[in-house]
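Q: turn this into a model:
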Amino acid sequence: MREILVIGGSRYFGRRVVELLRDGGDRVTLLNRGSADAPPGVRHVRADRDDEAELAAALGGRSFDVVLDQVLYRPEQAGTALRVFGGGRAGRYLMTSTCEVYDRVRGVPGSPLGEGAFDPAAWTGDGTDGTGYAEGKRRAEAVLARQSELPYAAVRTAHVLGGGAADFTGRLAHYADRMRAGREIAVHAAPAPATFVEYGEIAGFLAWAAGQDFTGPVNACSTGEADVRQLCALLERQGLPAARFEEHDGEHGDEPSPFSFGHYYGMDNSRARQLGHPFSELTDWLPGVLAEVR
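A: Take a look at the predicted model:
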C-alpha cells in the first residue's frame, strides 16, 4: 500500500483524485488549511503550506511514496517543498501544472505544442514580478527542474471542463448565462483554438500518474481543439439562443471571455500516449459537458 500525500485537492477534480487514490487502495493523506474536510477514509492534516515550519511540524517524521501537489503556484512554494520533502521523505513529487506555461509561445494552429516548447530549466522569467498565474507556474516548474534530489513530474493540464455541480469556476456558465440573457460575449477578433480535458479524465490521469515513475513535464489534454465561437455554436445546438459577440483585443483594459485566446498554444498529448495513457477525443465528451450548463 502506497503512502500518498495530496496538497490541496479540496475541490473540483483535485477532490476526485483523492477519492480515486483512496478507492484504488492507497493510504491517502490530504493536507490543506482546513478549507474543506477530507473524504471518508482519507487522513486529514491541517497546515498552511506557505509556512514552512508549520508544514514540517504538521507532517512530523512521516515520509511518502508520492506527493501530489495540486496548489503549487509559486517558486517559493517549490523551494519549501524541496526542503520539506527532500532527503528521502518523498519518493516522487507530482505537480499539477497548466497549459498556461505555454502562453508566451506563439504556436501555429494545427501544430500542437510538445513539452519541449517550454523548458523550465532554461526559463529566466518574463520580465514581470512573477505574481501572475502562468508565470508563477513557470517559475515553480523551473525550481523543480533545476534540482536532482527529488524526482518530479509536472502535469501540464489543459482547460478543464465538466464536473457538473463540482465545477466552481463558472467559465462555461459564463457563456450559457450570457446567451440565455442575450448579453454580448467578449471575444478576440480571431480567437485561437485551445485544448481541453474533461474533469473525470484529468482526475484519472493524475491518479494514474501517481503510480508511474516518469519524470519531467507531460501534457494532459484530449485530442482535438475548439475555439470560443465553436463552443458557443455547440451550446446553441443544446437549445440556447444564438450568441452575440463583441470583439475585444485585451490591450486597453477590456478583458475577453474565459476561453477566448489571442494566440495559439494548444498542446500535443503524444508523450502521455507513449507513456501508456491515451486521452479521449474532445468530440467524444464535449457535447455532454455542454449539456450540463444549457
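
Q: distance of residue 125 relative to residue 81?
A: According to C-beta to C-beta, to the nearest Å, residue 125 stands 20 Å off from residue 81. From N, CA and C alone the C-beta is placed, and that goes for glycine too.

Q: the two: who's more crowded?
A: Higher neighbour count among residue 125 and residue 81: residue 81, with 25 against 12, using other C-beta atoms under 10 Å.

Q: C-alpha coordinates for the host helix or strand of that one, PDB please?
A: Mapping residue 81 onto the secondary structure by DSSP states H and E places it in helix 75-85. C-alpha atoms of helix 75-85 as PDB (Å, rounded to 0.1, in the frame of the first residue of the first chain):
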ATOM      1  CA  PRO A  75       8.700  29.300  -6.900                       C
ATOM      2  CA  GLU A  76       8.900  30.000  -3.100                       C
ATOM      3  CA  GLN A  77       6.400  27.100  -2.600                       C
ATOM      4  CA  ALA A  78       8.600  24.800  -4.700                       C
ATOM      5  CA  GLY A  79      11.600  25.700  -2.700                       C
ATOM      6  CA  THR A  80       9.800  24.900   0.500                       C
ATOM      7  CA  ALA A  81       8.700  21.600  -1.000                       C
ATOM      8  CA  LEU A  82      12.300  20.700  -1.700                       C
ATOM      9  CA  ARG A  83      13.400  21.400   1.800                       C
ATOM     10  CA  VAL A  84      10.500  19.600   3.500                       C
ATOM     11  CA  PHE A  85      10.300  16.600   1.200                       C
END
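
Q: how far off centre is that helix?
A: Here the centre of mass of C-alpha atoms in helix 75-85, compared against the chain's by C-alpha atoms, centre = their mean, to the nearest Å, lies 19 Å away.

Q: what residues of it count as buried?
A: By neighbour count on 16 or more other C-beta atoms under 10 Å, the buried set for helix 75-85 is 75, 77, 78, 80, 81, 82, 84, 85.

Q: so, low pLDDT: which residues of the stretch 151-294 of the chain?
A: Scanning the stretch 151-294 of the chain with the threshold set as pLDDT under 70 gives 249-254.

Q: strands along that one, start to end?
A: In order along the chain, the stretch 151-294 of the chain carries the following strands (DSSP state E, counting those that start in this stretch): 152-157, 159-161, 184-187, 196-198, 216-220, 244-247.

Q: again, but for the stretch 1-150 of the chain
A: Listed in chain order, the strands of the stretch 1-150 of the chain (DSSP E, counting those that start in this stretch) span 3-7, 27-32, 43-46, 66-69, 93-98.

Q: rewinding a little: got the angle for the helix holding residue 81 vs strand 93-98?
A: 160 degrees (axes from the mean of the first three to the mean of the last three C-alpha atoms, to 10 degrees).

Q: give me the helices and strands touching helix 75-85, please.
A: Counting by 3 or more C-beta pairs under 8 Å, 6 or more residues apart in numbering; DSSP states H and E, the packing neighbours recorded for helix 75-85 are helix 52-59, strand 66-69, strand 93-98, helix 133-145.

Q: quick one, which of those is packed in tightest?
A: For the helices and strands packed on helix 75-85, the largest average neighbour count (mean count of other C-beta atoms under 10 Å) is found in strand 66-69, namely a mean of 26.

Q: packing partners for that strand?
A: The criterion is 3+ C-beta pairs under 8 Å, 6+ apart, and the helices and strands that strand 66-69 contacts are strand 3-7, helix 75-85, strand 93-98.

Q: need the residues that contact it.
A: Applying C-beta atoms under 8 Å, 6 or more residues apart in numbering, the external contacts of strand 66-69 come out as 2-9, 17, 81, 85, 90-96, 206, 210.

Q: repeat the analysis, applying 6 Å as the threshold.
A: Where contact means C-beta atoms under 6 Å, 6 or more residues apart in numbering, the residues beyond strand 66-69 that reach it are 4, 5, 6, 7, 85, 90, 92, 93, 94, 95, 210.

Q: tell me, how many residues neighbour the third one?
A: Other residues lying near residue 6 total 31 when counted by other C-beta under 10 Å.

Q: that one: what's it in contact with?
A: With contacts taken as C-beta under 6 Å, 6+ apart, residue 6 has the following neighbours: 18, 30, 68.

Q: need the contact list for the second one.
A: By C-beta under 6 Å, 6+ apart, the contact set of residue 30 is 6, 9, 18, 38, 42, 44.

Q: tell me the spacing between the first one and residue 256.
A: Read that as residue 6. Counting by C-beta to C-beta, the gap from residue 6 to residue 256 is 33 Å.
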